[in-house]
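Trainee: Have a look; sequence and predicted model below, questions after that.
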Amino acid sequence: MKIESLHIGMKVRHPQYGEGTVESIGPHTAEIQCVGGVRTVAPETCGLEPAEGRALLSGLEVPLQTIIQETATAILHGLGLGRQDETVSQLGVRWNGGKVVLHPADPTLQTKEVPMDVFFHKIVMMRNNFRVLEQKINSNEKLTDGEKVEMQQYISRCYGSMTTFNLLFRNKEDQFGE
């Protein structure tokens, strides 16, 4: 691997020392923080390889802003965190244009009105964040199976509490599980 390809903070893999992070770069060597400590290596001769995905964007005829927007949109969509107008399409037809009205018990306090699409968007965001949290718990390598099950039970109870709002969804498959 050429020394010019390295940057501080880059994850790399050494055949003998395993994975590490580039700490500093000199004219011919780099210091890599590995499990066994900091190692000074000559990247061009030691078999050092990148340990993370890389991309080469030469000759690309697309504006950088377009690439960034498309990437961000794909990430948000993959996480289930779409735009509010996409969320509103899941709202039941009978609720379109509606509002949630909160009347305080104290008559001297003002009533609060929230448009139904805004309220519904917040509920869908909670559902999506629960899904992301579930994925993070299940893929966490530091948690024991028992800890994962315990945390999953709390999420299941939250889903159960959220079933109150199932009547707002257009399609049953988008609702909170019971």
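Mentor: Cool, the structure landed. Residues are numbered from 1 along each chain as shown.

Trainee: and the top strand by length along the chain, which residues are buried?
Mentor: In the chain, with assignment by DSSP state E, the single longest strand is strand 18-25. Neighbour-count burial for strand 18-25 flags 20, 22, 25 (criterion: 16 or more other CB atoms under 10 Å). Quick note: C-beta positions are derived from backbone N, CA and C, even for glycine.

Trainee: Adding pLDDT, write those residues out as CSV.
Mentor: Output for the buried residues of strand 18-25, formatted as CSV (pLDDT from 0 to 100):
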residue, pLDDT
20, 93
22, 93
25, 92
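
Trainee: Which single one of those residues is nearest to residue 135?
Mentor: Among the buried residues of strand 18-25, residue 20 lies closest to residue 135 (CB to CB), at 27.2 Å.

Trainee: Isn't that closest one up against residue 30?
Mentor: No: counting by CB atoms under 8 Å, residue 20 stays clear of residue 30, with 9.8 Å between them.

Trainee: Run through the helices of this protein in chain order.
Mentor: 64-78, 84-88, 116-139, 145-162 (DSSP state H).

Trainee: Determine which of those helices approaches residue 35 most closely.
Mentor: The nearest among these, by CB to CB, is helix 116-139 at 21.4 Å.
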